[in-house]
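Chemist: Sharing a model that was predicted from the sequence below.
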Amino acid sequence: MFEMAERIKKLPPYLFAEIDRLKEEVRKKGVDIIDLGVGDPDIPTPKEIIEVAKKALEDPKNHQYPSYVGMYEFRKAAADWYKRRFNVELDANSEVVSLIGSKEGIAHLPMAFVNPGDYVLVPDPGYPVYPVAAMFAGGEIYKMPLKAENNFLPDLESIDESILRKTKLMFIGYPNNPTSAVADENFYKSVVELAKRYNFIVASDNAYSEICYDGYEPISFLEIDGAKEVGIEFHSLSKTFNMTGWRIGFAVGNKDVINGLGKVKTNIDSGIFQAVQVAGTYALNNAEILNRPIREVFIDRRNQMSKALKEAGFEFDIPKATFYFWVRVPSGFTSSEFAKKMLEEKGIVVTPGNGFGETGEGYFRISITNPQINEAVKRLKSAI
Ligand code: MLT
């Protein structure tokens, strides 16, 4: 038996892998499962994207190693989309890097900039990859609690100056996973100011910008004056085009940060399969048309879920964006107890809030990437 490295020994089980494991145990007992756990859209990738990919698959020039930073056409499509969608100007050559999904970029970024002892500020609750990536790079983790009373935004004023002076990197992500909260210009302005004052990098995770409701259009961190001097933003084709399995995303913004991330990647991976990049280029160049029907599906489900949860007496804010509901655990349960009971007794997979960090205790997350909404809520209600 070989002993694992300390960095692995320190790791908690990866949240969604652990949920998958428990789900399989329960399924084996014959329970009919409705999975509202991981945010993995059940609807297929638009067929036009698949057709483009099929053609690209036949082309032998796509069978060789791709370029490290990504095909120029893909990076240009990302830059053009940022201009159309957010009015942010980007140089496709120096300010865009392709990623094997934004998770990959998030995981590698600290390796380029964080030295042992440097602080990395991460939201709590938050996407589990942020603290793990910081820890792998030897960084110290400072958790920024996201609380209902602050609209699930970090209270920047409460971060001690002694921490800020040692901070190298801050992760933020709005529309937010898991709370579904959104951020406005004023919040991003405060982040830019703080980053400039204490000279740290901001990594904004904007994976959910296109899953939005009621006419609300999330903004990009990079729209703020001075943001490009301090940070980058991640976007993923996973949620925008139902392409989670294709593994394609990108990071844009500050050229030195993009260059640093690119350096790590060049030494670790060899880019994204070109046929996938060709499909991604098509998707981004036609984003407005391709994303519209996807939004419509989630708007319907968001409305259905809001109604059903409300009628069942659950406490939550109606999401303006993302496909997540951040719901208060009924009294008498911890987050884990509730999630476990739902899975074992009712076959419903929800994600316990504390799986995203200790401040998530008292909540559970529902993902509407499953159409069986009324049946799921009926079962949730019957368990309490
Ligand atoms: C989630 O459920 O939090 C996300 O799907 C995870 C991811 O995007 O990797």
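Modeler: Looks like it came in fine. Predicted, not measured: the structure shown is a model, and the values here were computed from it.
Chemist: Next to the ligand, which bits of the stretch 101-250 of the chain? Give me the list.
Modeler: Residues of the stretch 101-250 of the chain lying near the ligand by Cβ under 6 Å from any ligand atom: K103, N177. Quick note: C-beta positions are derived from backbone N, CA and C, even for glycine.
Chemist: What ranges does the stretch 101-250 of the chain have for its strands?
Modeler: 119-124, 140-145, 167-172, 201-205, 231-236, 249-253 (DSSP state E, counting those that start in this stretch).
Chemist: Now the fifth one: buried residues?
Modeler: Residues of strand 231-236 classed as buried under the neighbour-count rule (16 or more other Cβ atoms under 10 Å) are G231, I232, E233, F234, H235, S236.
Chemist: how far off strand 201-205 does the helix or strand hosting V264 point, in degrees?
Modeler: For V264, the host element (DSSP states H and E) is helix 255-268. Interaxial angle, helix 255-268 versus strand 201-205 (axes from the mean of the first three to the mean of the last three Cα atoms, to 10 degrees): 70 degrees.
Chemist: re the thing from before, columns mean pLDDT and distance to Y72 on top of the strands of the stretch 101-250 of the chain, output as a markdown table?
Modeler: Below are these laid out as a markdown table (pLDDT from 0 to 100; distance: least, Cβ to Cβ, whole Å):
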| stretch | mean pLDDT | distance to Y72 |
| --- | --- | --- |
| strand 119-124 | 98 | 32 |
| strand 140-145 | 98 | 37 |
| strand 167-172 | 98 | 28 |
| strand 201-205 | 98 | 24 |
| strand 231-236 | 98 | 18 |
| strand 249-253 | 98 | 13 |
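Chemist: among these, which is the most enclosed?
Modeler: strand 249-253 (a mean of 28; mean count of other Cβ atoms under 10 Å).
Chemist: and that one, how far from the chain's centre?
Modeler: Relative to the mean C-alpha coordinate of its chain, strand 249-253 is positioned 13 Å out (Cα atoms, centre = their mean, to the nearest Å).
Chemist: for stretch 213-220, same thing?
Modeler: Here the centre of stretch 213-220 is set off from its chain's centre by 17 Å, with Cα atoms, centre = their mean.
Chemist: sorry, back to before: contacts for the helix holding V264 next, please.
Modeler: Identification of contacts with helix 255-268 by Cβ atoms under 8 Å, 6 or more residues apart in numbering yields 68-69, 91, 94-97, 99, 104-105, 108-109, 111-113, 201, 231-232, 251-252, 271.
Chemist: on that earlier part again, looking at the strands of the stretch 101-250 of the chain, which is nearest to K346?
Modeler: strand 119-124 (28.2 Å; Cβ to Cβ).
Chemist: sorry, back to before: out of the buried residues of strand 231-236, the closest to F298 would be?
Modeler: Lowest distance from F298 to the buried residues of strand 231-236 (Cβ to Cβ) belongs to S236, with 15.6 Å.
Chemist: gap between the closest one and K307?
Modeler: 29 Å (Cβ to Cβ, to the nearest Å).
Chemist: How about N291?
Modeler: 24 Å.
Chemist: So between these two, which is more surrounded?
Modeler: N291 (19 against 14; other Cβ atoms under 10 Å).
Chemist: Quick check: nearest residue in space to Y216, chain neighbours excluded?
Modeler: With sequence-adjacent residues excluded and distances taken as Cβ to Cβ, 6 or more residues apart in numbering, Y216 is closest to K320, at 4.7 Å.
Chemist: Apologies, that question was intended for W246.
Modeler: Using Cβ to Cβ, 6+ apart, the nearest residue to W246 is V276, at 5.3 Å.
Chemist: is it true that the one you found touches R247?
Modeler: Yes - at 7.3 Å, V276 counts as touching R247 under the criterion of Cβ atoms under 8 Å.
Chemist: Between those two, tell me which one has more neighbours.
Modeler: Shown here are V276 and R247; by other Cβ under 10 Å, V276 has more neighbours (23 against 18).
Chemist: immediately after the helix or strand where that one lies, which helix or strand?
Modeler: Using DSSP H and E, V276 maps to helix 274-285. With elements assigned by DSSP H and E, the helix or strand that comes after helix 274-285 is helix 287-311.
Chemist: Could you give me the buried positions within that following helix?
Modeler: Those would be A287, L290, N291, I294, V297, F298, R301, R302, M305, S306, A308, L309, for helix 287-311 by 16+ other Cβ under 10 Å.
Chemist: Just list the residues touching the last one, thanks.
Modeler: Translated: L309. F316, F325, V327, I366, V377.
Chemist: Burial check on the last one, number of neighbours?
Modeler: To tie it back to what came earlier, the one meant is V377. 23.
Chemist: Compute the distance between it and the ligand, please.
Modeler: Noted for V377: a distance of 19 Å to the ligand, by Cβ to the nearest ligand atom, to the nearest Å.
Chemist: Do I have it right that that residue meets S306?
Modeler: No - applying Cβ under 8 Å as the test, V377 and S306 come out as separate, 10.3 Å apart.
Chemist: helix or strand for whatever residue of the chain ends up closest to the ligand, which one?
Modeler: Using Cβ to the nearest ligand atom, the single residue of the chain nearest to the ligand is G39, 3.3 Å away. Using DSSP H and E, G39 sits in no helix or strand.
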